[in-house]
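Student: what shape does this take:
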Amino acid sequence: MNLKWMLMATMGVVLLVGGAIFCDHHKKTSAIANLGRDKEATDYLARCGAEVIPDVMGKLRSEDPAVREAAAAVLGRTKAGEAELAKLYAGDDAEARRLAALGMGRARAKPDGDFLLKAAGDKSPAVRAEAFKGLAALKDPKGVPAAVAALKDADGAVRAAALKALEKCAGKSSVGILAGVLQDESLSETARAILVKIADTSQIDPILPALKSGSPKVRLNAVELIHVLGGRNYAKDAAPLLADPDAEVRLEAFKTVAVSIDSGAIGQCIRLICDPDERISKLAVETISKFQLEQIADGLAEALPKVEPAVQLKAVEVVRTKGAATTSMAARLKGCRALVALLDARDPGVRAQASKALEEIAYAGQSDKDAWTAWLERKLQQLSLYEKAQAAYSETMAKVKPGVGADALHEAVERLKGVVAVYDEILAKDKGSSDRYTKFFEEKRTRVVRDKAQIQRSLPFDLRKNMPQ
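Tutor: Now for the predicted structure:
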């Protein structure tokens, strides 16, 4: 009885093993038959290892390119298969070498970089293209020089694969090589696109020589890179390009310079308002709007009559906004000078906006440019006298302190009499007319007269009685 059960158990095991072997054999046979049509078949055969190599090698002779490529991919994912691919590459058949490069590019762990670099120099374009696809998968910076060289390959497929490899392989260690490529006009844009992704502000130095290239395209790509990478410290290197003959280069250079511009460059910005490219002119107006009105008004007055209406309107709005916000009389009057310069602009819209802005910040109204010019000249003269009077007043009052002697007080009264005389001269220039500025000067004069009288009352009687009140 026991013997019978043992025999039956043994037969069951044999049947199970045989069935498993049969099933496994059937699965391998099916996978080989479906190679090139079913990705799962490729993955399964790659896991099978050396035992399927002979059958897979046979598929390399298939008339179907998809089958041949799938077979090469399987070989590349097994150690034994890699050895076969190396033998395959040693032959004279270009398609066999291409399949070898393809297979090596799909290696089970990491593609063989040395093999692929060798294949990248193959005489067959198809092999070279396949090698660069493998290098792209490898993502090793060692592939960058070969990829750069291949960007000028005669074959379009090779160039496309080399570009892909360059994008994948390039890293921070490749900046120097790519900075050289940047100076090649035909490849400059490609280098810029890659450098934008891999470089940072600390790696701008290798890019700087391209700013002096004889090619506008190269100069543009270089200055764009500096701008995008945030090279605020390199604005001085981009500044010479503000005078570049190419408008696109000038515009990008100005964008780079504008991020760190200071008051020392206001004159440069004023000159760029007159740039023939309207984009640059508008950017110049936008940039100088960062500064105080009194710093930019004189330059605007000189530049604005020479520029296009769109730029003039933008500048009028800058002056109007800043003039309305400031409490400085000097700033307002200097802003008025810039607006008066536009009262005879050829565009009626500009003339209207300039006149409206003038009335807003000048607190006055005049009939035409001549009247505004005369008014402004008078106010600027008054301003000059006012600044002189204010300086003398401040200096005098600073010396009038508790406990000061009679002689010092007497001197202060005499000096303040002189300040009052200056205010009288200021007010005389208005010749009976009155505006907000006139009232301002009258208030200032009244204050000086009050302070003079107060100091005079504190003098000893014998000094006070002989002084006019």
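Student: low-scoring stretches of the stretch 151-300 of the chain, by residue?
Tutor: Across the stretch 151-300 of the chain, the ranges flagged by pLDDT under 70 are 263.
Student: which residues of it fall in helices?
Tutor: 156-169, 175-182, 188-198, 216-228, 235-238, 247-258, 266-273, 278-288, 293-303 (DSSP state H, counting those that start in this stretch).
Student: want to throw those helices into TSV with mean neighbour count and distance to Lys314?
Tutor: Glycine gets a C-beta too; all of them are placed from N, C-alpha and C. Listed next are the helices of the stretch 151-300 of the chain as TSV, based on neighbours: other Cβ atoms under 10 Å; distance: least, Cβ to Cβ, whole Å:
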stretch	mean neighbour count	distance to Lys314
helix 156-169	21	41
helix 175-182	20	35
helix 188-198	18	31
helix 216-228	23	22
helix 235-238	18	23
helix 247-258	22	15
helix 266-273	20	10
helix 278-288	21	5
helix 293-303	20	11
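Student: which non-adjacent residue is nearest Leu138?
Tutor: Here the nearest residue to Leu138 in space, its sequence neighbours aside, is Pro111; by Cβ to Cβ, 6 or more residues apart in numbering that works out to 4.5 Å.
Student: just the element for that neighbour, please.
Tutor: With secondary structure defined by DSSP states H and E, Pro111 is part of neither a helix nor a strand.
Student: what about it, how many residues nearby?
Tutor: Burial of Pro111, expressed as a neighbour count using other Cβ atoms under 10 Å, amounts to 25.
Student: that older thread, make CSV out of the helices of the stretch 151-300 of the chain and add distance to Ser30.
Tutor: Converted to CSV, these look like this (distance: least, Cβ to Cβ, whole Å):
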stretch, distance to Ser30
helix 156-169, 34
helix 175-182, 49
helix 188-198, 45
helix 216-228, 54
helix 235-238, 65
helix 247-258, 61
helix 266-273, 74
helix 278-288, 66
helix 293-303, 81
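Student: coming back round to it: and the residue nearest to Leu138, what is it in contact with?
Tutor: By Cβ atoms under 8 Å, 6 or more residues apart in numbering, the contact set of Pro111 is 104-105, 134-135, 137-138.
Student: same check on Ala162?
Tutor: Counting by Cβ under 8 Å, 6+ apart, Ala162 has contacts 132, 146-148, 150-151, 153.
Student: Gly171 now?
Tutor: Gly171 sits next to 141, 198 when contact means Cβ under 8 Å, 6+ apart.
Student: quick check on it: phi, psi?
Tutor: Dihedral angles phi and psi of Gly171 (degrees, to the nearest 10) take the values phi -140, psi -170.
Student: and stretch 402-409, end to end?
Tutor: Stretch 402-409 has its terminal residues 11 Å apart, counting by Cα to Cα, to the nearest Å.
Student: can you tell me the helix or strand for Val318?
Tutor: Short version: Val318 belongs to helix 309-325, going by DSSP H and E.
Student: against Ser434, how distant is Val340?
Tutor: Here Val340 is placed at a distance of 21 Å from Ser434 (Cβ to Cβ, to the nearest Å).
Student: equivalent analysis for Ala46, please.
Tutor: For Ala46, the distance to Ser434 (Cβ to Cβ) stands at 98 Å.
Student: please say which of the two ends up with more neighbours.
Tutor: Neighbour totals were compared for Ala46 and Ser434, and Ala46 leads with 20 against 10 (other Cβ under 10 Å).
Student: next one: the helix or strand where the more buried one lies to chain centre, how far?
Tutor: Ala46 is part of helix 39-48 when elements are defined by DSSP H and E. For helix 39-48, the separation from the chain centroid amounts to 49 Å (computed by Cα atoms, centre = their mean, to the nearest Å).
Student: need the residues that contact the helix holding Val318.
Tutor: For helix 309-325, the surrounding residues in contact (Cβ under 8 Å, 6+ apart) are 273, 278, 281-282, 285-286, 288-289, 292-293, 297, 300, 304, 307, 331-332, 335-336, 338-339, 342, 345-347, 349-350, 353-354, 356-357, 360-361.
Student: at 6 Å instead, please
Tutor: Taking contacts as Cβ atoms under 6 Å, 6 or more residues apart in numbering, the residues outside helix 309-325 that touch it are 281-282, 285, 289, 293, 300, 304, 332, 335, 338-339, 342, 347, 350, 353-354, 357, 361.
Student: now, of those, which are buried?
Tutor: Applying a neighbour-count criterion of 16 or more other Cβ atoms under 10 Å, the buried members of the contacts of helix 309-325 are 281-282, 285, 289, 293, 300, 304, 332, 335, 338-339, 342, 350, 353-354, 357, 361.
Student: what's the burial count for Arg37?
Tutor: In terms of burial, Arg37 registers 12 neighbours under the definition other Cβ under 10 Å.
Student: for it, give me its contacts.
Tutor: Per Cβ under 6 Å, 6+ apart, neighbours of Arg37: none.
Student: try 10 Å
Tutor: Residues counted as contacts of Arg37 (Cβ atoms under 10 Å, 6 or more residues apart in numbering) are 64, 66-67, 70.
Student: low-scoring stretches of the stretch 351-469 of the chain, by residue?
Tutor: Under the criterion of pLDDT under 70, the regions of the stretch 351-469 of the chain flagged as low confidence span 432, 461-469.
Student: thinking again about what came up before, out of the contacts of Ala162, which is most surrounded?
Tutor: Using other Cβ under 10 Å as the neighbour criterion, Phe132 leads the contacts of Ala162 with 33 neighbours.
Student: find the nearest non-adjacent residue to that residue, please.
Tutor: Phe132's closest residue in space is Ala161 (Cβ to Cβ, 6+ apart), at 3.7 Å.
Student: isn't the one you found right next to Glu130, touching?
Tutor: Yes - Ala161 is in contact with Glu130 according to Cβ atoms under 10 Å; the separation is 7.7 Å.
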